[in-house]
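A.B. asks: got a predicted model here, sequence first, then my questions.
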Amino acid sequence: MKHQQVVVDYWNMIKTSFTCLLLAFSGYILIKMVQTIFWLPGYLQKNQKRLEELAAKYSLELNDDKSLADVLKAQIEATIEEKEPLTNERSDEAKDIDAAVTANVQSEPKKQK
């Protein structure tokens, strides 16, 4: 029998191991996606029921506190009526500043190219 020599190809080993890891990772992602397809609708239904129960609970609490809501609404309306209406008139100082800026811009000579 003839003596055979073994040659180790490191590049081929690294490439093959990387390909196997990539294949395993892709399989993991596929399994998680399939799991999500079956798991997500049930989770969303439970979450919707929980939110509806919570909204119903808060709705009952708010209906009991209508007197408080009426008092708050009256206070807000009173505060709004006390405020003076906003006007578009500007103060004298703002007009003076605008005039000074306009005069400054007009007095600067334009540079020629």
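C.D. replies: Thanks, I have the structure now.

A.B. asks: how many neighbours does K32 have?
C.D. replies: K32: 11 surrounding residues under other CB atoms under 10 Å. Any C-beta I mention is one placed from the backbone N, CA and C, and that applies to glycine too.

A.B. asks: what mean pLDDT does the helix or strand harbouring it have?
C.D. replies: K32 is part of helix 10-64 when elements are defined by DSSP states H and E. Helix 10-64 comes out with an average pLDDT of 90.

A.B. asks: could you report the neighbour count for F25?
C.D. replies: 10.

A.B. asks: do you know how far it is from M33?
C.D. replies: Look at F25 and M33: by CB to CB, to the nearest Å, they are 13 Å apart.

A.B. asks: next one: K2
C.D. replies: Per CB to CB, K2 is found 53 Å from M33.

A.B. asks: more neighbours, those two?
C.D. replies: Shown here are K2 and M33; by other CB under 10 Å, M33 has more neighbours (9 against 3).

A.B. asks: give me the three-state assignment for V6.
C.D. replies: Here V6 takes the coil state, with states given by DSSP: H, G, I helix; E, B strand; the rest coil.

A.B. asks: what's the burial count for it?
C.D. replies: As a burial measure, V6 scores 4 neighbours (other CB under 10 Å).

A.B. asks: list phi and psi for it.
C.D. replies: Dihedral pair for V6: phi -100, psi 130, per degrees, to the nearest 10.

A.B. asks: got it, and Q5?
C.D. replies: Backbone torsions of Q5, given as degrees, to the nearest 10, read phi -100, psi 140.
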